[in-house]
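In: sharing a model that was predicted from the sequence below.
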Amino acid sequence: MSGPSLHKLTAHRSIHNGSLFEARDILEVLEQVYQEGKADHAILAARTLAEHWETRTIAHADSEEEGFYQKKLEENPDLGEFITMLKRDHQLFRRIIGEIKEIIDEHGVNNDVIDRFKTISVLVQIHNHDEETHLLGEH
Ligand SMILES: [Fe+2]
Ligand SMILES: [Fe+2]
């Protein structure tokens, strides 16, 4: 997912949105089976969703930190503080997913798991918007 596509607004945005839409679909399934009390199905859906966040959004964050952010910083050294904030967002994504996996392993799916999946979804939307506006906007 690295390479030139990260540097183009349209391509980068479609990576963001594709991943978010898929996450939303899986969360919908998870909430439904959880509410129906199907514990085994809920665990399966929650593990699938955690893996989705890891293989899509967290892998995307890793590749941004490996090159894209550095390139943007070289182009505009004033972006230092902003990029530090974006990296902090990435850290929160990793931490929330780590917590979700721990809770599932210990307790199965509970409200804490659902809350964290909703939280990461909101944080990622805010993060993506900031990234698109300040690192990829036309200027
Ligand atoms: Fe990012
Ligand atoms: Fe991004």
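Out: Yep, it's here. Ligands and ions are numbered 1, 2, ... in the order given.
In: for the protein, what lies in contact range of ligand 1?
Out: 61, 64 (C-beta under 5 Å from the ion). No exception for glycine: its C-beta is placed from N, CA and C like everyone else's.
In: okay, helices next: where are they in the chain?
Out: Assigned helices in the chain, in chain order: 9-35, 39-52, 59-63, 69-75, 80-107, 111-134 (criterion: DSSP state H).
In: what's the spacing between the residue positioned nearest the centre of the chain and residue 132?
Out: By C-alpha atoms, centre = their mean, the mean C-alpha position of the chain lies nearest to residue 57, the distance being 4.0 Å. Residue 57 sits at a distance of 14 Å from residue 132 (criterion: C-beta to C-beta, to the nearest Å).
In: for residue 122, same thing?
Out: Residue 122 is 16 Å from residue 132, by C-beta to C-beta.
In: same question, residue 72
Out: Residue 72 is 12 Å from residue 132, by C-beta to C-beta.
In: look at those two and report which has more neighbours.
Out: A direct count of neighbours by other C-beta atoms under 10 Å for residue 72 and residue 132 places residue 72 higher, at 20 against 15.
In: hang on, the earlier thing: in a markdown table, list the helices of the chain along with mean pLDDT.
Out: Below are the helices of the chain laid out as a markdown table (pLDDT from 0 to 100):
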| stretch | mean pLDDT |
| --- | --- |
| helix 9-35 | 97 |
| helix 39-52 | 98 |
| helix 59-63 | 97 |
| helix 69-75 | 96 |
| helix 80-107 | 98 |
| helix 111-134 | 98 |
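In: measure how buried the residue nearest to residue 134 when sequence neighbours are not counted is and give me the count.
Out: Computed as C-beta to C-beta, 6 or more residues apart in numbering, the closest residue to residue 134 that is not its neighbour in sequence is residue 82, at 6.0 Å. Neighbourhood size, residue 82 [other C-beta under 10 Å]: 17.
In: isn't residue 82 up against residue 131?
Out: No: the criterion here is C-beta atoms under 8 Å, and residue 82 misses it with residue 131 at 9.4 Å.
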